[in-house]
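# Requesting a structural model of the entry that follows:
(2 chains)
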Amino acid sequence: MGRIFVFGDDIDTDVIAPGGYLHLRIEEVKKHCMEAIYPDFWKDVAKGDIIIAGKNFGTGSSREQAPVVLMELGISLILATSFARIFFRNAVNVGLPIGTITGPLNLKAGDIAEIYLEKGELIRAADHKAIRFKAPSGALADILSEGGIIQHTLKKLGKLPDDKH
Amino acid sequence: MRSKGKSAIEKVFSRLTSKDARSGDFLWASPDMVYVHDVLGPMMLDSYRKLGNPPLKYRGRTLFVYDHIFPPKDSASANNILSMKDFASLNGVESIPAGEGIEHTLLIERGDITPGMFVVGSDSHTVTAGANGAFGAGLGSTDLACLLASGETWFMVPETILFRLSGKFNRFVTGKDVILNIISRIGVDGANYRCMEFRTESGTHLDMDERLAIANMTVEAGAKTCFLPPDVSQEKLMEIQSDEDARISEELSVDLSSIEPEIAAPYSPGNVKRLSDLQGTRVNQVYIGNCANGTLTDLKEAAEILKHNHVRGDVTMIVVPATRSIYSKALDLGLIKIFLDSGAVVSPPTCGACAGLHMGVLGHDQVCISNTNRNFRGRMGDPTSKVYLANSYVAAAAAVEGKIVNPLEVF
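Residues are numbered from 1 along each chain as shown, chains lettered A, B, ... in the order given. Predicted coordinates:
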């Protein structure tokens, strides 16, 4: 169960994780997440919350701090019309669930919804309406379901005990 | 379908995997080279520790570059570099001595990035490799840690958009204007997940510095990678560029002679306006130099404007040669003296102000015109500041007048 935060098109990585803080620890970087457009975002957001955005979410830098701060702040799912390539890739690799959507969703900021990742579905708490999204599939879905590429690589290197799979 | 010729990027992935790689394929591959800078490096080392510090399995070449916050601005940034140097010496990774220059320009200049290679880097502007006919793709830090530990990483083979360039540049028009013009045509996600390949018609040649400017900003159109024709024999070029019958997803023609100086207004590299629409816009800062436009050509262009002019008293102008060698050549040519005499500040090679990291960070409501590649909200500092992106002539001319003007007015 999470609250919906709504953002527009082309939300860039400088907005998500501003350059001036990138040399600091992630605990510090996360306090500046979205500050150029929503200064209190890091205080308002809570575990389980959901971001809904327009096209080209995460455009810009390869800085992995962008998906990581969103995860650290508790974001459990990002839905967007489209994602910029490196952000998409980084999100999969760090295990941050993302999905693409088409058309207007009829969801507004502050709505509460339940996430069913495997089914690619959000259920709005107010009226139990289902909203569908397209999650990564195939090998990328496997990496995501393993919790990111670190787990995937540990398995590959034979470093995860068998009882873990 | 499989009998068709190959695109340039399909050729590269076929070579890396020894398979018939086609656009849309998901595959695991080992790039020819990996380079990592001091902002993502420390995070990469955190991920490497999570993997249990295994021995490096990656067989290509690994290079560490310290350019983003160099010289360090505080103890945190100094310690970041130290942690990378420690890892490098323990694991036999090559470090480029700090201060040599900004990675994307430097690695081409040093001959590390050669035509037909496939390189990855901890930076979105790794696409700049396309200036030398190599394929570069930016990756995040965890990705790179896993690549070093396991020897390979995953890729989707991208589709290709082909740009046919013809004609010659007008006065005060540069490679920067070509790419700004293209981004304004296709949009900031117009090439998302795709390879932007360029082909020059006979009579059109782009020199390395012009190609750097174009390749560098292909990522601002969302490109995964790009390719421009390098200075090699026709035979070698045929070998590495797309075949005539390759599957191309889209084709566009660009007549260089139809392009005027372009300016991207805040807050998007795609928010491109005509110079005449923005004339008179006040600026507080002018910044010349980054991973694509701190070239000798850019410095010459800026110096042409500043030779008989002075930077206005209320404007800060910062010039950053991209590499030590460019700096040295600019000294020999008297360009640095022109900058100093005109009232500009000259900094050592660093990514600094371009990404709001250090040396030239903007304050409240400040306006900068820059020949860099991004003007996102808060990119160069305070969230209320604004950045305009333009070529070096236009940026330098603004320093003289304290506002955006046609370079002809101050020439």
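# how about low-confidence regions in chain B?
Low-confidence segments of chain B (pLDDT under 70): B:1-3.
# what's the longest helix in it?
Across chain B, the longest stretch assigned as helix under DSSP state H is helix B:75-91.
# From the contact counts, what lies against the next helix or strand after that helix?
Next helix or strand after helix B:75-91 toward the C-terminus (DSSP states H and E): strand B:94-95. Judged by 3 or more C-beta pairs under 8 Å, 6 or more residues apart in numbering or on different chains; DSSP states H and E, strand B:94-95 is in contact with strand B:61-65, helix B:75-91. In this view, the C-beta of every residue, glycine as well, is placed from N, C-alpha and C.
# strand partners of strand B:94-95, parallel vs antiparallel please.
Its sheet considered, strand B:94-95 pairs with strand B:61-65 (parallel) by DSSP bridges.
# hey, C-alpha coordinates of the helix or strand harbouring residue B:305 in PDB?
Following DSSP H and E, one finds residue B:305 within helix B:296-306. Extracted as PDB, the C-alpha positions of helix B:296-306 are listed here (Å, rounded to 0.1, in the frame of the first residue of the first chain):
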ATOM      1  CA  LEU B 296      41.400  23.700 -29.000                       C
ATOM      2  CA  THR B 297      38.800  24.700 -31.700                       C
ATOM      3  CA  ASP B 298      36.400  26.000 -29.000                       C
ATOM      4  CA  LEU B 299      39.200  27.900 -27.300                       C
ATOM      5  CA  LYS B 300      40.200  29.400 -30.600                       C
ATOM      6  CA  GLU B 301      36.600  30.400 -31.300                       C
ATOM      7  CA  ALA B 302      36.200  32.100 -27.900                       C
ATOM      8  CA  ALA B 303      39.600  33.800 -28.300                       C
ATOM      9  CA  GLU B 304      38.600  35.100 -31.700                       C
ATOM     10  CA  ILE B 305      35.700  37.000 -30.000                       C
ATOM     11  CA  LEU B 306      37.700  38.100 -27.000                       C
END
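# Pairing partners for the following helix or strand past that helix, with directions?
Next helix or strand after helix B:296-306 toward the C-terminus (DSSP H and E): strand B:316-319. Partners of strand B:316-319 in the sheet, by DSSP bridges, are strand B:285-288 (parallel), strand B:345-346 (parallel).
# List of residues touching strand B:316-319?
Contact with strand B:316-319 is made by B:284-289, B:299, B:302, B:311, B:339, B:342-347, B:353, B:359-360, B:396, B:399, as judged by C-beta atoms under 8 Å, 6 or more residues apart in numbering or on different chains.
# next structured bit after that strand?
Using DSSP H and E, the first helix or strand after strand B:316-319 is helix B:324-332.
# Buried by neighbour count: which residues of that next one qualify?
By neighbour count on 16 or more other C-beta atoms under 10 Å in any protein chain shown, the buried set for helix B:324-332 is B:324, B:325, B:326, B:327, B:329, B:330.
# same check, this time on stretch A:124-135
Neighbour-count burial for stretch A:124-135 [16+ other C-beta under 10 Å]: A:124, A:131, A:133, A:135.
# so of the residues you listed, which ones are in strands?
The strands, defined by DSSP state E, take in A:124, A:131 from the buried residues of stretch A:124-135.
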